[in-house]
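Peer 1: Next input, structure requested:
(2 chains)
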2 protein chains.
Amino acid sequence: MTPAEIRTELLLAEELYEAWPLLSTSDRVEGFNMLPRDEAEDLFEMLDARDQLELLRHLSPREQRIWMRLLAPDDAADVIQETDDETERRRLLDLLDEPTRKEVLALLAYAEDEAGGLMNPRFARLRPDMTADAAISYLRRQREKQVETIYYAYVLDNDQRLLGVVSLRDLVTATPDARISDVMNTDIVSVGEQEDQEELARLFAEHDLTAIPVVDDQGRMKGVVTVDDIVDVVREEATEDMQKIGGTEALEGPYLQVELPRLFRARVPWLAALVVLEFGSVLTMSGFEETLHKVSLLALFIPLIVSCGGNSGSQASTLVVRAMALDEVRLRDWWRVMRRELATGGLLGLTLGCIGAAMAYAWMTAAEGSGAPLHAPIALTVGGGIVGVVLWGTTVGSMLPFILRTVHVDPACASGPFVATLVDATGMILYLGIATLVMHEALA
Amino acid sequence: MTPAEIRTELLLAEELYEAWPLLSTSDRVEGFNMLPRDEAEDLFEMLDARDQLELLRHLSPREQRIWMRLLAPDDAADVIQETDDETERRRLLDLLDEPTRKEVLALLAYAEDEAGGLMNPRFARLRPDMTADAAISYLRRQREKQVETIYYAYVLDNDQRLLGVVSLRDLVTATPDARISDVMNTDIVSVGEQEDQEELARLFAEHDLTAIPVVDDQGRMKGVVTVDDIVDVVREEATEDMQKIGGTEALEGPYLQVELPRLFRARVPWLAALVVLEFGSVLTMSGFEETLHKVSLLALFIPLIVSCGGNSGSQASTLVVRAMALDEVRLRDWWRVMRRELATGGLLGLTLGCIGAAMAYAWMTAAEGSGAPLHAPIALTVGGGIVGVVLWGTTVGSMLPFILRTVHVDPACASGPFVATLVDATGMILYLGIATLVMHEALA
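Peer 2: Predicted coordinates for the structure are as follows:
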């Protein structure tokens, strides 16, 4: 799309936003500058922090100031966190007004993925002894403060400790002279400043909440996390987990926007490590070279055996990794999971083993005629190899996430490719070991 | 945990909810009945529709009526949709009061995963000529109606057509005598009744919205979808996609709660289909049996080649499937994706090919001494095979999701295991074909 086309076609923020991933930086800036002011505001707020920073870098200092000041403190902190350059961070901070700068500096002290880093420090505060009507008038006067979460007002004592929460709906539907302390809900779900974002997402989903207050260890309220921020978090976390399960480092950007060298660098480490690891199967098999030389038919079934182990392992690890991410499975459940996977893996192995052995026997008979002495033992070996490798694959696939979590590595690293590679060498020992046992006469 | 322990330990909804997955049905019912009424209400609203139905089935008809009437119409519809038994559906519907039953019946006409099936038909309505103060008093009087989304009030004309939206925050912060038509926002994001839930999730994430109104094709407002429902949807969709990517049918329940026969049935179809498909590699390789017999060293590298193709294909398909789910990649982008994957796949193949060839050569030399005539050609074959299979794996892995979407199959079915199996047979043709070409003299 050329700038000329943008000029004639794209007049609305929504349309420019749709085209965003396809545009070059200069087209983005040009398109943004052509939008009417209110549409530009819509667009700017829709963009994520990375895109906001990219845009800011191409605007004049005066405009930078205007746009930075449009952002809520938590969003401004996100933009600043996008750059690692200390000078640029300083410069962006200096664009803010004094009180906001202080709020943003406080937010920057938290990690991006904990409650403190996600919260908005501006929220509506009420005193417990106000009436509902006074509270509404009070909130009305706060309109300039960009209090994002006015849907809930928080009731604090003189030490800023959180006593209760009143939804705006409670206020509006209460009798006008009701006391806040009588209307407020004291059964509050709150989190600490260091709470992890995955746990936050779980709380929002479980309790169907719109906002969760963040308190420090003395019970003083520091800010509020709203559910719209959490939708982004849930999507990002799922994307990262999926990419890891597929055997890639997290991309940190939309697929089409990540430059090729970065795409390569995210993918090569796992693949290279797996090639080296997979060499274990070469070493293992070299012990059976004699068997393979004498019964070369055995080699034809190697990809079949390898694939059965990899597929069943990849199933098991994906199920367990996702269940862990959703908190459906905890560390202490490992033995329950193991029992389930042994039972399921045994059944799956028997099913696939029968299919594999039957197909192998039928094919060999069709190709070379019946009665050849090795057909039955080879089919038996294929079937037995599949049973073993599937059972082993599901065990490794389901237990590896537990082992990783125990040593504080993200369980999602137990990717399908990783599990498959781990299973390959042992799969070959099983398959060729059975072959050597079953066919010892033919091999003698 | 025994019922006795529940009795002493679990007094709060939150705690019982945490233990829920570990409890038998009878323990759940007993625990639920022991909660004080307000805690029981909290718990009941936290449970998902499947667990709500399970609980209802074990309560007396009188209690069933109480609990069903506690639910908002959209949640009641979800519970009813959990059973396929027409008699039970009828019976559950009869527990509701007349107006709610009508609303629920209207909702049941929609599919579960479209906007109509997710929306709540109760929302706050205002007329455009009201004043802000009159609107607040009016909303105050609506308190009995369980209007979940009172945070936004919708401004409708006499034909129920949606004119604008007023946030409760706008109302509270407006001057008391301001007209609704002057305060309302007319730049509304709305969706049609048939809008898919994935598209809804994307809209919520993009626009940071709390609620989206649902309108029919005449612009009449039918209900409202709130973001708390969407957090669940986003998590469910990601789970389903991940399970498909891992080569499993969607489980439709938490891992530990799915009974073993259902777990088996969700996993066996793909695995069995892949075993049959994988037999293609056996057939392919049988054409090269002569080569494998004469140079049995070649067989040792088969798992290495197979694994490189599978791993690179699984990476590519996971990245593309996720990018499609997030709408970062559309059908028309297939050629851009193809070019990126050819470039990345070529680079990855060269890197892995060099590693593989070098390791193969070094190992053969160490094991059998240098100077053996076949070591260099075998190493070359391994390297060349890897380059080919990685390039082919990334191509198949990245294009298969596009093909599936074109024929209206969920792209997430392009699972790592599926792609790996598709690549195996062609990988063997490449590897053994190169071997036959390179070593034609030794084989003669």
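Peer 1: same for whatever helix or strand A:Val214 lives in, what does it pack against?
Peer 2: Using DSSP states H and E, A:Val214 falls within strand A:211-215. Packed against strand A:211-215, as judged by 3 or more Cβ pairs under 8 Å, 6 or more residues apart in numbering or on different chains; DSSP states H and E, are the following elements: helix A:115-118, strand A:162-167, strand A:191-192, helix A:197-207, strand A:221-226. From N, CA and C alone the C-beta is placed, and that goes for glycine too.
Peer 1: need those in CSV with mean neighbour count, can you?
Peer 2: Shown next, in CSV, are the helices and strands packed on strand A:211-215 (neighbours: other Cβ atoms under 10 Å in any protein chain shown):
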stretch, mean neighbour count
helix A:115-118, 25
strand A:162-167, 20
strand A:191-192, 17
helix A:197-207, 20
strand A:221-226, 24
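Peer 1: Following element in sequence after the strand or helix carrying A:Val396, please.
Peer 2: In this structure, A:Val396 is located in helix A:375-406 according to DSSP H and E. Sequence order places helix A:416-438 as the next helix or strand after helix A:375-406, per DSSP H and E.
Peer 1: Send over that following helix as PDB, restricted to the C-alpha atoms.
Peer 2: Backbone C-alpha positions of helix A:416-438 (Å, rounded to 0.1, in the frame of the first residue of the first chain) are rendered in PDB as follows:
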ATOM      1  CA  GLY A 416       6.900 -31.600  21.400                       C
ATOM      2  CA  PRO A 417      10.200 -31.500  19.600                       C
ATOM      3  CA  PHE A 418      12.200 -31.700  22.800                       C
ATOM      4  CA  VAL A 419      10.200 -34.700  24.100                       C
ATOM      5  CA  ALA A 420      10.300 -36.400  20.700                       C
ATOM      6  CA  THR A 421      14.100 -36.100  20.600                       C
ATOM      7  CA  LEU A 422      14.500 -37.400  24.200                       C
ATOM      8  CA  VAL A 423      12.400 -40.400  23.300                       C
ATOM      9  CA  ASP A 424      14.100 -41.300  20.000                       C
ATOM     10  CA  ALA A 425      17.300 -42.900  21.400                       C
ATOM     11  CA  THR A 426      15.500 -45.000  23.900                       C
ATOM     12  CA  GLY A 427      12.900 -45.900  21.300                       C
ATOM     13  CA  MET A 428      15.700 -47.200  19.100                       C
ATOM     14  CA  ILE A 429      17.100 -49.300  22.000                       C
ATOM     15  CA  LEU A 430      13.600 -50.800  22.600                       C
ATOM     16  CA  TYR A 431      13.000 -51.500  18.900                       C
ATOM     17  CA  LEU A 432      16.400 -52.900  17.900                       C
ATOM     18  CA  GLY A 433      16.800 -54.600  21.300                       C
ATOM     19  CA  ILE A 434      13.500 -56.500  20.700                       C
ATOM     20  CA  ALA A 435      14.700 -57.300  17.200                       C
ATOM     21  CA  THR A 436      17.900 -58.800  18.400                       C
ATOM     22  CA  LEU A 437      16.100 -60.900  21.000                       C
ATOM     23  CA  VAL A 438      13.300 -62.100  18.700                       C
END
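Peer 1: Now do the buried residues in that helix.
Peer 2: Neighbour-count burial for helix A:416-438, counted by 16 or more other Cβ atoms under 10 Å in any protein chain shown, picks out A:416-436, A:438.
Peer 1: filter the residues you listed by proximity to chain B?
Peer 2: Filtering the buried residues of helix A:416-438 for proximity to chain B by Cβ under 8 Å from any Cβ of the partner chain leaves A:416-417, A:420-421, A:424-425, A:427-428.
Peer 1: after the helix or strand bottoming out on mean pLDDT in chain A, next one along is what?
Peer 2: Every helix and strand of chain A was ranked by mean pLDDT, DSSP states H and E. The lowest is helix A:3-9, at a mean of 45. Moving toward the C-terminus from helix A:3-9, the next helix or strand (DSSP H and E) is helix A:13-19.
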